[in-house]
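what follows is a predicted structure for the sequence shown.
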Amino acid sequence: MAVEAFAKKNLMDDMDEDDMPLVFKRSSTTSKQNQSNQSSQKQDARSVRQVSDVRSPNGQSSSAHKVKTAPSSRESPAVSPFTGPKVSPSSGRTSPAPSSRTFPAPSSRKSPAPSSRTSPAPNSRTSPAPNSRPSSSVGNQAKNVNQRLNIAPKESKQAVEPKSEPNDDAEDSEDDKILSARIPSGLSKSNSIHANKVPGTWASVQKARPPKKEDSDDEILLASRFQMKSNAGASTSKLSNSEEVKPKIRQNGLPSTTVLSKRPLGEVKSAAQTSVKKPRLSDASTPVSSKQTSVKTEKKTEDDEDDVPISQRIKKAVASTSKVPSAKKTTKVVSSSMKKSKKKLKNSKYSKSSKLQPSSGDGQKWTTLEHSGVIFPPPYKPHGVKMLYKGKLVDLTPEQEEVATMYAVMLETDYMSKQQFKENFWNDWRKILGKNHVIQNLGDCDFTPIYEWHQREKEKKKQMSSEEKKALREEKLKQEEKYMWAIVDGVKEKVGNFRVEPPGLFRGRGEHPKMGKLKRRIRPNDITINIGKGAPIPECPIPGQRWKEVRHDDTVTWLAFWNDPINPREFKYVFLAASSSLKGQSDKEKYEKARRLKGYIEGIRSAYTKDFTSSDPVKRQIAVATYLIDKLALRAGNEKDDDEADTVGCCTLKVENVQPVPPNILKFDFLGKDSIRYQNEVAVYEPVFKAIQKFRSGKKGGDDLFDKLDTSKLNAHLKELMPGLTAKVFRTYNASVTLDQQLSKLTQGGELHEKVAVYNLANKEVAIICNHQRSVSKSHSVQISKLNEKIDELKALLEEFKVDLARAKKGKPPVKGADGKTKRTLTSEALQKKIDQTNVKIESIERQIETKEDLKTVALGTSKINYLDPRITVAWCKRHEVPIEKMFNKSLLAKFAWAMDVEPTFTF
DNA sequence: CTCTAGACTTGAAGTTAATCCC
DNA sequence: GGGATTAACTTCAAGTCTAGAG
């Protein structure tokens, strides 16, 4: 490869610059914006709660959490509207757009009394959760989700194919309808997230709301209004000069320094383009899958753009909101970039970057691949600090000391309270100490001196001047620079995790049987490198050692891997970064598949509804499991080994994880992925309820609820309903549909921060549905009480002002301040102004508290990164003139480059 | 079919950089 | 100006799902 050389050089230097040109407008916003963001967020929160009702894709709405947790906060309980039994919609005070309330009152449905939702006892824990989340005792929360229901009798097993292709909008419309269509019976769910700790939190169950129009509401939107040029604009930008100049390598991730704004887009495009465009194979060489189904061959754009037929969207018009003034231009915001012909440049082979579909299994993933391998952590530097054993100093060899230090460093973590952790650590450390070592048991060890040394080191580091820190950073960057990039089919792409994991103690989540075990140091001869055939093999960075193996496998995307030292049968891979086109391509395919599901969902729902009462128990289990996955967005639930934490997913639910409560409520309580607790109460169709009761009968609490089912059977069945369909697609579908509908329903225009708040609210609903939790920060309660103190102070001040005001009106001087000092005399007007200002401040802090409490256990990021089709967000930003930087940070902009030039009219 | 190796996505926690707030 | 908060970014564990062997 001649190229290489060329490339190299350019890469680094030139690249960035080139890229730069690409940029486009978006500009300014960024920095500043952030600020606003924050503020807006707060608000959201508040608004958030109000929103309560979300409808799930299915059409039902649900209220998200109704209950509010807030313990401390003053007002809280009372205040929160949501709590109310009813679901929702209206509850909110302010909030939601009028439109929202349009919905029919939930209650309508017959069955479960509305009250039911409330019903759940206050204390959640009702159900004994078998396992609680380990560390934080409290940690878990319950959540509930809302749900929808489905029904519809249709049967056709195979789903009918709906409109199939992604692009077509048509599908969209259908879906919508689908939702609406189904209806029935109802159930809905509620969800809430609350910390367990909080006593009363629970969710309540809601009933289903009638389908009604809601569905339609959701859809809505976007009217056709603008068409925008967005694309056009977008497209144009970029590349220019660079092209001519440097031909060969394009870069995909943003270079560190460069300005993001620009780059991403541009890049994106490239990525996108490439990807889309060609079905890779072109290269004659590769056989490529013919099958491939199509990749949409061509047109990249198509998807984005036209996909959506307007017709669909229109449905309802949502009222007001839509009107947004801006209609006209919308687009601009997002800029897209395009480079004109980026592709052209590439003519060379490199250029091709084709993206193949990763998905296509057989497929070739790349044609040429160059990279520098991985970087190893520095060797251990003994500190010489001695620990104590039975009160006496102990000498340790560097190797023994290294492991002791790993443990000492964790002295203040929750792992110290876990017997398993200590036992595993002791077993491994003991091997290093040797049988005859003076240290004979962990209990008599005192690691404090090492711990304190470590704390001092940390402090030292913290105290370094900013210049020193900067110098260190640059030094590190310099060392790592070459490892950060790979050249895939002539395009410079960022590498994800090029650093080999340093040795340490295994930190498993939940009650992991292997926690505390020593994760030994990985050496070059543990590592297998994957690189293009003609590319130079990365030099082994450690003198005297060599790679375990070098492969040239173009059917995989990993650059290197090694066996996991904790579980030698598993691997640790080095992949390209999320901003790479290879990843972007597969990300896009993921969303396209989920969109395709929209077209099939109606048929799928009617099929499983029909099977709830099938005489074939396997069919019945598949039907119920599919229903739960569809309705609750549960994970598939693969089997797990005994040497892993005991967590479950849908197919592995145990009898004790699902409690039926007549007439039709199911109470879920189990530990899911990462040992995060899932608690929810959901009203389900009667046939489902009965089926669950039947599955449970005659079994013990720890027995499998779905004893005739596993994920491969379930997925095999799903594939019959829609090509490529698997359980996880429902999660993506559910999340993206919810976002799309919520945005359509709630967005009403207004100030930028209000729009951002709406988005965050929608994002939150999705996070709740997916049960994306985060642990409550250690300082949470402190922060809340600080805010409360502030409120108290302000209130005291307010009282003083009021007194002074009354006196001022009578011509009397103000009373003395709390500090005993005399205040200066103010006019009544001035005092009134102060009173007003203080009230505003108080309200602002109260909102802040509410938001904080509300989001303390909800993680919004995970869904944004993994489940929400970025095109929904981009299109919404274009429609409502919200700078995309408000919604996506730099990393997300790079990751979603492929989605930036979507049409404003796009709907999921 | 079942079992398992393999590959890749998803996820919360940890760390660091950027802002906020006094 | 500097500590406290937040948001961004990193880390690596823990899932999902596929393909191939037996």
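Thanks, I have the structure now.

give me the number of residues near residue A:651?
Counted with other C-beta atoms under 10 Å, the neighbours of residue A:651 add up to 27. Backbone N, C-alpha and C define where each C-beta goes, glycine included.

so it sits right up against residue A:707, yeah?
No - between residue A:651 and residue A:707 there is no contact under C-beta atoms under 8 Å: 10.1 Å.

quick one: low-confidence residue ranges for chain A.
Low-confidence segments of chain A, defined by pLDDT under 70: A:1-362, A:817-821.

what's across from the closest residue in space to residue A:676 that isn't next to it in sequence in the sheet?
The shortest distance from residue A:676 to any non-neighbouring residue, by C-beta to C-beta, 6 or more residues apart in numbering, is to residue A:773 (5.4 Å). Counting by DSSP bridges, residue A:773 forms beta bridges with residue A:858.

for residue A:773, grab the count of nearby residues.
26.

equivalent analysis for residue A:480, please.
Neighbours of residue A:480 (other C-beta under 10 Å): 14.

near DNA strand B at all, the host helix or strand of it?
Assigned by DSSP states H and E, residue A:480 belongs to helix A:466-480. Yes - judged by C-beta under 7 Å from any atom of the strand, helix A:466-480 comes into contact with DNA strand B at A:469, A:473.

how about residues contacting that helix?
The contact list for helix A:466-480 (C-beta atoms under 8 Å, 6 or more residues apart in numbering) reads A:256, A:375, A:464, A:498, A:499.

whichever of those end up buried, select them in ChimeraX.
Selection of buried members from those for ChimeraX, criterion 16 or more other C-beta atoms under 10 Å:
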select /A:498
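
so the residue nearest to residue A:676 sits against residue A:675, correct?
No - judged on C-beta under 8 Å, residue A:773 makes no contact with residue A:675 at a distance of 10.8 Å.

not counting sequence-adjacent ones, nearest residue to residue A:700?
The spatial neighbour of residue A:700 that comes closest, neighbours along the chain excluded (C-beta to C-beta, 6+ apart), is residue A:655 at 6.7 Å.

before we move on, what about residue A:776?
Using C-beta to C-beta, 6+ apart, the closest residue to residue A:776 is residue A:856 (5.0 Å).

confirm for me that residue A:490 is in contact with residue A:369.
No - at 10.3 Å, residue A:490 does not count as touching residue A:369 under the criterion of C-beta under 8 Å.

hmm, back to that, what's near enough to touch the residue nearest to residue A:700?
Contacts of residue A:655 (C-beta under 8 Å, 6+ apart): A:695, A:696, A:699, A:700, A:701, A:702, A:703, A:704, A:705.

now for those, which pair is the farthest apart?
Maximum pairwise distance among the contacts of residue A:655 (C-beta to C-beta): 14.1 Å, between A:695 and A:702.

so between those two, which is more surrounded?
Just comparing residue A:695 and residue A:702: by other C-beta under 10 Å the higher neighbour count belongs to residue A:695, 25 against 11.

what's the closest non-adjacent residue to that one?
In this structure, residue A:695 finds its nearest non-sequential neighbour in residue A:705, 5.3 Å apart by C-beta to C-beta, 6+ apart.

same question for residue A:412.
Residue A:412 sits nearest to residue A:451 (C-beta to C-beta, 6+ apart), 7.6 Å away.

am I right that that neighbour is in a helix?
Yes - according to DSSP: H, G, I helix; E, B strand; the rest coil, residue A:451 belongs to a helix.

from residue A:458, how far off is it?
Distance of residue A:451 to residue A:458, computed by C-beta to C-beta, to the nearest Å: 11 Å.

need the contact list for residue A:537.
A:529, A:531, A:547, A:550.

just those now: which is nearest residue A:644?
residue A:529 (28.8 Å).

would you map the helices across the stretch 701-850 of chain A?
In the stretch 701-850 of chain A, the helices defined using DSSP state H, counting those that start in this stretch lie at A:711-721, A:727-746, A:752-770, A:780-809, A:828-855.

format these as TSV; extra columns: mean neighbour count and distance to DNA strand C.
Putting those into TSV (neighbours: other C-beta atoms under 10 Å; distance: least, C-beta to the nearest atom of the strand, whole Å) gives the following:
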stretch	mean neighbour count	distance to DNA strand C
helix A:711-721	18	5
helix A:727-746	26	3
helix A:752-770	25	10
helix A:780-809	15	5
helix A:828-855	17	6
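
dump the ones you listed to JSON lines, plus distance to residue A:586.
Output for the helices of the stretch 701-850 of chain A, formatted as JSON lines (distance: least, C-beta to C-beta, whole Å):
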{"stretch": "helix A:711-721", "distance to residue A:586": "18"}
{"stretch": "helix A:727-746", "distance to residue A:586": "13"}
{"stretch": "helix A:752-770", "distance to residue A:586": "20"}
{"stretch": "helix A:780-809", "distance to residue A:586": "37"}
{"stretch": "helix A:828-855", "distance to residue A:586": "31"}
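
what's the closest of those helices to residue A:671?
Taking C-beta to C-beta, helix A:752-770 is the member of these nearest to residue A:671, at 15.6 Å.

now do that closest one: which elements does it pack against?
Here helix A:752-770 touches helix A:30-50, helix A:727-746, helix A:861-866, helix A:870-880, helix A:884-887, going by 3 or more C-beta pairs under 8 Å, 6 or more residues apart in numbering; DSSP states H and E.

which residues are in contact with the third one?
Same thing as helix A:861-866. Where contact means C-beta under 8 Å, 6+ apart, the residues beyond helix A:861-866 that reach it are A:732, A:735, A:763, A:766, A:767, A:770, A:772, A:888, A:892, A:895.

how about stretch A:693-702?
Residues contacting stretch A:693-702 (C-beta under 8 Å, 6+ apart): A:620, A:621, A:624, A:654, A:655, A:656, A:658, A:660, A:705, A:706, A:707.

check the gap between the residue nearest to residue A:614 when sequence neighbours are not counted and DNA strand C for me.
Closest residue to residue A:614 apart from its sequence neighbours, by C-beta to C-beta, 6+ apart: residue A:620 at 5.0 Å. Remark: distance between residue A:620 and DNA strand C (C-beta to the nearest atom of the strand, to the nearest Å) = 20 Å.

for stretch A:422-437, list every residue counted as buried.
A:422, A:424, A:425, A:426, A:428, A:429, A:430, A:432, A:433, A:437.

quick one: secondary structure of the fifth one?
Read that as residue A:428. helix.

contacting residues for it?
A:403, A:516, A:517, A:518.

mind doing that once more with 6 Å?
For residue A:428, the contact set (C-beta atoms under 6 Å, 6 or more residues apart in numbering) comprises A:517, A:518.

that one and residue A:520, how far apart?
Taking C-beta to C-beta, one finds residue A:428 at 9 Å from residue A:520.

cool, the second one as well?
Using C-beta to C-beta, one obtains 13 Å as the distance from residue A:424 to residue A:520.

what does the fourth one give?
When C-beta to C-beta is the yardstick, residue A:426 and residue A:520 sit 16 Å from each other.

could you find the closest non-adjacent residue to residue A:804?
Closest to residue A:804 by C-beta to C-beta, 6+ apart is residue A:814, at 4.1 Å.

do I have it right that the one you found meets residue A:822?
No - here residue A:814 lies out of contact with residue A:822, judged by C-beta atoms under 6 Å, at a distance of 7.8 Å.

looking at these two, which has the bigger crowd around it?
residue A:814 (18 against 11).

the more buried one and DNA strand B, how far apart?
Distance from residue A:814 to DNA strand B, by C-beta to the nearest atom of the strand: 24 Å.

again, but for residue A:775
Counting by C-beta to the nearest atom of the strand - residue A:775 and DNA strand B are separated by 4 Å.

try residue A:667
Counting by C-beta to the nearest atom of the strand, the gap from residue A:667 to DNA strand B is 20 Å.

swap in residue A:908?
From residue A:908 to DNA strand B the distance is 15 Å (C-beta to the nearest atom of the strand).

now residue A:798
Taken as C-beta to the nearest atom of the strand, the span from residue A:798 to DNA strand B is 17 Å.

list the contacts of the residue lying closest to that residue once chain neighbours are set aside.
In space, and not counting its chain neighbours, residue A:798 is closest to residue A:838: 4.9 Å by C-beta to C-beta, 6+ apart. When contacts are counted by C-beta under 6 Å, 6+ apart, residue A:838 touches A:794, A:797, A:798.
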